[in-house]
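K.L.:
Quick check, what structure comes out for this input:
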Amino acid sequence: GMISYKEFVTFCDDGEGYGGGGGSGRSAGLEEGDKCEARFRGSEKHYPGRIRRKNRDNTYDIDFDDGERELGVRETDVRSLRASRVNEYEVDDEMDRLRRKIQSAIDEKGLDFLECFEHFDRDYSGEIDEREFQDGLRRIGIDMTRDEVRSMMDRFPSRRRGRISYRAFVKALRLRRAEDNTIEVEQVLKDELRRLAGSRHGRPNFGQLFDEFDRDGSGSIDRREFRKGLEQMHLTLTSRDLQRVINRFDRNGDGMISYKEFVTFCDDGEGYGGGGGSGRSAGLEEGDKCEARFRGSEKHYPGRIRRKNRDNTYDIDFDDGERELGVRETDVRSLRASRVNEYEVDDEMDRLRRKIQSAIDEKGLDFLECFEHFDR
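P.N.:
So this is what the prediction gives:
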């Protein structure tokens with residue numbers, strides 16, 4: 001069911017080729033269709049080409065890449081460029097070795113899954129190509145031929161052949177997270193955050209500290225912002241400890257740290273006490289930025305909602321470090337951005353999907369080109 005090089009040339013050449021030259025011959029050396037280098041007409045230099053025929057006298061008929069052709073080239077004047085046969089058992093062994101090395105980096109060096117993936121994905125494209133994979137293997141002491149690398153890549157369940165996505169990388173290597181034991185790290189971080197949140201009034205100003213982390217003003221802290229904030233405070237955590245601490249903050253598992261989650265971690269139950277349950281309202285919510293009349297004054301001062309009480313009053317952390325419980329709803333006004341209409345977002349997502357698919361179907365773009373439209 002396959003077309004060999006000899007069959008391909010025989011069809012195209014239609015009997016106008018060499019003639020003669022004997023049968024196909026068999027040898028433990030080069031075979032018909034193999035890539036090779038040979039001395040053209042006895043020259044000192046080897047030129048690339050392919051074996052057209054192996055003759056009974058152990059000479060070769062060769063098609064050179066520059067279009068030249070030579071018959072009866074001696075075996076001593078030819079050297080193979082053929083890739084060695086892939087031993088799938090050896091590839092499996094190397095796959096297991098790779099898995100152990102990656103897991104060791106996670107367990108012993110504190111690397112997270114993404115850092116291990118980016119050891120290979122040097123251009124941060126979100127996919128590992130063949131060259132990146134082979135180079136990455138070599139850097140950790142696994143030296144494989146190009147054919148062996150291709151065979152190993154086939155063991156990763158990616159949608160695009162010759163590419164390994166992050167998800168396929170984690171899945172195929174069956175990576176597991178290191179044992180979680182960050183009590184000491186958490187306490188050190190908690191103490192430092194409380195110290196930095198301290199104000200002249202003696203009460204921590206968590207709202208101002210949160211804003212220093214929330215660099216884009218989105219109302220939540222992502223991993224990059226959290227790392228950057230720690231660096232500015234001269235706090236250094238391994239990637240593993242960083243992710244574990246983020247997981248401690250992130251109570252709802254959305255990958256972001258909200259103001260409420262931030263304060264809950266830092267305050268550690270030493271906050272207001274009382275104040276009723278969390279309550280629900282169509283108005284302000286916990287963590288929202290607001291302005292409120294401090295102790296009934298005429299002027300509104302900026303802060304954040306710490307808790308919405310059942311009686312529709314609010315407990316507020318003011319940006320100057322002050323704190324007030326039970327502020328009436330009429331004394332508070334929102335600085336929160338308008339609500340997102342999720343239905344409209346879904347509509348725009350569908351519109352984006354149609355546009356991308358249209359570019360693929362009508363303009364002939366591939367997935368990577370569509371991705372790189374955004375990844376400038």
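K.L.:
show me the contacts for G255.
P.N.:
By Cβ atoms under 8 Å, 6 or more residues apart in numbering, the contact list for G255 reads D222, R223. (Glycine included, C-beta is placed from N, CA and C.)
K.L.:
Kindly indicate whether it is helix, strand or coil.
P.N.:
Here G255 is recorded as coil under DSSP: H, G, I helix; E, B strand; the rest coil.
K.L.:
With E37 instead?
P.N.:
Counting by three-state DSSP, the backbone at E37 sits in strand.
K.L.:
Look up the residues forming beta bridges with it.
P.N.:
Going by DSSP bridges, E37 is paired in beta bridges with P48, R79.
K.L.:
do you know how far it is from N55?
P.N.:
In this view, E37 and N55 are 18 Å apart by Cβ to Cβ, to the nearest Å.
K.L.:
what's the closest non-adjacent residue to P302?
P.N.:
D319 (4.7 Å; Cβ to Cβ, 6 or more residues apart in numbering).
K.L.:
I'd assumed F210 was in contact with that neighbour.
P.N.:
No. Using Cβ atoms under 8 Å, D319 is not in contact with F210, being 10.2 Å away.
K.L.:
circling back to that earlier point, burial of the residue nearest to P302, as a residue count?
P.N.:
16 (other Cβ atoms under 10 Å).
K.L.:
contacting residues for it?
P.N.:
Taking Cβ under 8 Å, 6+ apart, one finds N205, G207, Q208, Y301, P302, G303, R304 in contact with D319.
K.L.:
try it again with 6 Å
P.N.:
G207, Q208, P302, G303 (Cβ atoms under 6 Å, 6 or more residues apart in numbering).
K.L.:
Also S158?
P.N.:
By Cβ under 6 Å, 6+ apart, the contact set of S158 is I164, S165, A168.
K.L.:
Report the spatially closest residue to it, excluding sequence-adjacent ones.
P.N.:
Nearest in space to S158, with sequence neighbours left out and distances taken as Cβ to Cβ, 6+ apart, is A168 at 4.3 Å.
K.L.:
Next: F367.
P.N.:
Nearest non-adjacent residue to F367 (Cβ to Cβ, 6+ apart): R160, at 7.0 Å.
K.L.:
And for K228?
P.N.:
Per Cβ to Cβ, 6+ apart, closest to K228 is R215, 6.9 Å.
K.L.:
That neighbour: neighbouring residues, count only.
P.N.:
By other Cβ under 10 Å, neighbour count at R215 equals 13.
K.L.:
all helices for the stretch 201-350 of the chain, in order.
P.N.:
206-213, 223-232, 239-249, 259-267, 342-363 (DSSP state H, counting those that start in this stretch).
K.L.:
Out of those, the one nearest H119 is which?
P.N.:
Proximity to H119 (Cβ to Cβ) singles out helix 239-249 among the helices of the stretch 201-350 of the chain, at 12.1 Å.
K.L.:
Give the buried residues for the closest one.
P.N.:
For helix 239-249, the neighbour count (16 or more other Cβ atoms under 10 Å) marks S239, R240, D241, L242, Q243, R244, V245, I246, R248, F249 as buried.
K.L.:
and what of stretch 319-331?
P.N.:
Quick answer for stretch 319-331 (16+ other Cβ under 10 Å): D319, D320, G321, E322, R323, E324, V327, D331.
K.L.:
Quickly list what the fifth one is bridged to.
P.N.:
With DSSP bridges as the criterion, R323 is bridged to D317.
K.L.:
okay, it: pLDDT?
P.N.:
On pLDDT, R323 comes in at 87.
K.L.:
Quickly note the distance from it to F169.
P.N.:
47 Å.
K.L.:
Also the first one?
P.N.:
When distance is defined by Cβ to Cβ, D319 is 43 Å away from F169.
K.L.:
quick one, strands of the chain?
P.N.:
35-39, 46-54, 60-64, 69-73, 78-80, 127-128, 164-165, 220-221, 257-258, 289-293, 300-308, 314-318, 323-327, 332-334 (DSSP state E).
K.L.:
closest to L175 out of those?
P.N.:
strand 164-165 (13.2 Å).
K.L.:
Give me the below-cutoff pLDDT ranges for the stretch 201-350 of the chain.
P.N.:
Counting by pLDDT under 70, the ranges of the stretch 201-350 of the chain that qualify are 201-203, 240, 253, 268-283, 336-344, 346-347.
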